[in-house]
Structures are given as structure tokens and as C-alpha cells.
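# With the sequence up front, the predicted model follows.
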Amino acid sequence: MNRVVRIHEHGGPEVLRIEEAAPQPPDAGEVLIRVAAFGLNNSEAQLRRGTYPMTAADLPTRIGRECCGTVEAVGPHVSSVQPGDIVCTIPAFDMKRNGVYGDWCTVPEAGVTPIPKGLTLVEGAAIWQQYLTAYGPLVLYGDVRASHTVLITAAASSVGLGAIQLAKLRGAKVIGTTRTAAKRDLLKQHGADHVIVPPDEPLADRVLQHTGYRGFDLCMDPVAGPDIAQLAACAARAATIFLYGQLSPVPSPLPLLDLLRKGLSIRGYTLWEITLDPNRRKRALDYIRRHIESGALRPIVDRVFRLDEIVAAHAYLESGRQAGKIVVKVEESAS
Ligand SMILES: NC(=O)c1ccc[n+]([C@@H]2O[C@H](COP(=O)([O-])OP(=O)(O)OC[C@H]3O[C@@H](n4cnc5c(N)ncnc54)[C@H](OP(=O)(O)O)[C@@H]3O)[C@@H](O)[C@H]2O)c1
């Protein structure tokens, strides 16, 4: 089958259309993949709605960046993979031409990497975005270690759970937040030392209590909005806050007094800093692959849908009920 998912207008999950389209033969430097499964990311809901801040709306468009499947053909000058290889895609390309929701995708070689040993095809569609996003703040820039306390907001998101695992791997103490009290135990099971459920629990007070009133050293925050003032209030001296998303629809005030008083850094961050730089990309992929293959990093798949359930899968993504990755299985036999 040659089904692809496209959007022709922005809107709710129902604008995702399954259409027939012949596979796009790979140009020089490109790889054609027969997709077995693809993972959903919050940024794709934003692209669908027309609120994705990173690229301008240009319709119709394909959608999706994270899949696992078999290389069907390669274009000239491709040297790292060959037909028959089982590979994953990593977010290193534009979705319009290279979107991965469907039976096939054609993507640049830089966005393709072999599946880590020991993973199923479904798990192979559920790893790279969260670990590559967390790698920048926690490993490359933050050099997180045992003496550090890391605050991870929206911790039950797929990036949040990946970040908890990576921070624990490096020995740090982890405080996670969720708005949903029912996810508290799950976050603890996945490694969070403390879980805070704002607004019922006051975020800054609780972080200060859990850190002996010292505050956190590093925060990964995809929410922003008014709670930035809370984050600054419970940051340790010289702490860094990595803002990597804008889940809050409300403008973000600058907490200037805490910035000045504590010498804080608030830094915008995207995983493109890693995936579009060949050296950083290689180092990040090697690091993450090594720890997946050793079992130290374990992909967390929340729920699996079929391709003909793509509208329901996006509705579930938007519900906020998930904890971990939502995967869509394209090949019936994929496990
Ligand atoms: N900068 C980058 O390179 C990069 C890369 C990947 C993702 N991101 C961003 O990271 C964010 C998470 O992506 P994801 O795919 O991991 O998400 P996800 O798995 O879909 O999880 C989203 C979770 O965030 C929480 N949430 C939603 N709206 C919120 C709000 N207004 N305030 C607080 N929490 C809220 C909810 O959890 P609770 O109910 O538990 O609170 C929800 O389940 C998105 O904003 C995405 O764009 C950025």
C-alpha cells in the first residue's frame, strides 16, 4: 500500500487525511523508507493546528518526523545505509517533503540511523526525538552529574520521560511536574525522586523544600508562560533554565529580579542545535544508542494505534492523557 497522511487545511485531528501517493524516488543524498511504525510528537499537533512556531504554514503538507522501517532504495551519494537495512528517522528535516506519517517516506540521509540493537520496530519509532531533545540541556550543555538537581516540567510528556531517564543515568536528583495527579506514581516508577502537581501544590515552595532550600541547578521547561516566575524563584544561584517549548498559551514574563539576584541563565533551545550539526549529531546518536543498547535508556510507549486510526491517535495526543510516546503501527506485523 502507498498511503500517506497529508493536511490541506489547519484544524483539529479531523484535518488529517489518508491519501494514496506513489513513493517519491530518492534524489541524491536521500533514502526511501518503507515505514513500519511512526511516533507522534506534540509539535505535529501544533503543525496541524497552524501554531507551530518553527516553520511557516505551507499547505498541503505531509507530516511527521519519527519513524522506523526498512530502506527500500537510496539515491546517489548515500553511503551509510543500503536497501534492506532496518532504520529509524531522526528529526533533521522539513515535514512538507519528508513527512513520515504513511506507508513510505523519502528523507535526507542525515535524518536516518540504524535501529539500536534489541528494539522492536514500534520502539524504534519512539526514541530519538525525546532523547535528542534531552541530550542538549542535560549532556552537551549542562554536563549534569550526581551533585545536580534537575527540574523537569511536563515530566510525563515523551520528552519529559526521556529527560528523567537521562538525568538519572547521570546520577542527578530529579524533580518532575505534572498537572495530572494520576500520573504521580508513574513518574516515580520512571525515576523521578519527587513529583509536584501544580497548581494544587505550590511549585516554587515544593522545589525549595525538596532541595533543602538551595533550589534546582538546571531546568528543562516546555511550558513557559507565567510559571517562569515560579521557576526563577526556586532556581539555585547561577542555575540555567532551558525553555524548549511553549505549551502555555499565555505570554511569558521576564523574572528580572531573580535573574539579577541569582545570576540565572534562561536559554531557548531546540534539538536542531544537535541534529543539524554533523559532529554533534554523531556524538549524540552514539551516546544515546550506547545507553539504549545497554538497557539504561528504555523507550516508553504509551499506546499503539493503526494508520486508519490516525485521527483518533491525534485526538489522544491532544487529550494530554498520555505518558510517553504514542505510536502508529503501519505494518500489521510490526511489534
Ligand atoms: N525544542 C525542541 O527541540 C523540542 C523537541 C521536542 C518537543 N518539544 C516541545 O516539548 C513539548 C512536549 O512535547 P512532547 O511531544 O514530549 O509532548 P507530549 O508527549 O504530547 O506530552 C505533552 C504533555 O505536556 C503537558 N501539558 C500540555 N499542555 C500543558 C500546559 N499548558 N501546561 C503544562 N503542561 C502541559 C501534559 O502533561 P500533564 O497532564 O502531565 O501536565 C501533556 O501530556 C511540546 O511543546 C513540544 O513542542 C520541543
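Structure's in. What do you need? Numbers count the residues shown, from 1 in each chain.
# Now do the longest strand along the chain: which elements does it pack against?
Assignment by DSSP state E gives strand 30-40 as the longest strand of the chain. When contacts are defined as 3 or more Cβ pairs under 8 Å, 6 or more residues apart in numbering; DSSP states H and E, strand 30-40 packs onto strand 66-74, strand 86-89, strand 104-108, helix 121-124, helix 310-319, strand 325-329. C-betas here are computed from N, CA, C, even on glycine.
# any bit of that strand sitting next to the ligand?
No: Strand 30-40 is not in contact with the ligand by Cβ under 6 Å from any ligand atom; minimum separation 7.4 Å.
# can the helix or strand just after that strand be found next to the ligand?
Counting by DSSP states H and E, the next helix or strand C-terminal to strand 30-40 is helix 42-49. Yes: applying Cβ under 6 Å from any ligand atom, one finds helix 42-49 touching the ligand at Asn42, Ser43.
# list the buried ones in helix 42-49?
Within helix 42-49, the residues that count as buried by 16 or more other Cβ atoms under 10 Å are Asn42, Ser43, Glu44, Ala45, Gln46, Leu47, Arg48, Arg49.
# Give me the contacts around stretch 283-302.
Stretch 283-302 has contacts (Cβ atoms under 8 Å, 6 or more residues apart in numbering) with 90, 113, 116-119, 122-123, 126-128, 131-132, 135-136, 139-140, 158, 161-162, 165-166, 169, 190, 274-275, 322-327.
# and it, anywhere near the ligand?
No: on the criterion Cβ under 6 Å from any ligand atom, stretch 283-302 is out of touch with the ligand, staying 8.1 Å away.
# First residue to last residue on that stretch, what's the distance there?
Chord length of stretch 283-302, first to last residue, is 28 Å (Cα to Cα, to the nearest Å).
# Can you name the residues of the stretch 101-250 of the chain sitting close to the ligand?
Going by Cβ under 6 Å from any ligand atom, the residues of the stretch 101-250 of the chain near the ligand are 129, 133, 154, 156-159, 178-180, 183, 222-223, 244-245, 247-248.
# Kindly reformat the helices and strands packed on strand 30-40 as CSV and extend each row with mean neighbour count and distance to Ala235.
Shown next, in CSV, are the helices and strands packed on strand 30-40 (neighbours: other Cβ atoms under 10 Å; distance: least, Cβ to Cβ, whole Å):
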stretch, mean neighbour count, distance to Ala235
strand 66-74, 23, 32
strand 86-89, 23, 35
strand 104-108, 23, 38
helix 121-124, 24, 35
helix 310-319, 18, 31
strand 325-329, 25, 29
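# Just put these in CSV and tack on mean pLDDT.
Output for those, formatted as CSV (pLDDT from 0 to 100):
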stretch, mean pLDDT
strand 66-74, 98
strand 86-89, 98
strand 104-108, 98
helix 121-124, 98
helix 310-319, 97
strand 325-329, 98
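# In a markdown table: those, plus distance to Val35.
Formatted as a markdown table, the helices and strands packed on strand 30-40 follow (distance: least, Cβ to Cβ, whole Å):
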| stretch | distance to Val35 |
| --- | --- |
| strand 66-74 | 4 |
| strand 86-89 | 9 |
| strand 104-108 | 6 |
| helix 121-124 | 9 |
| helix 310-319 | 13 |
| strand 325-329 | 9 |
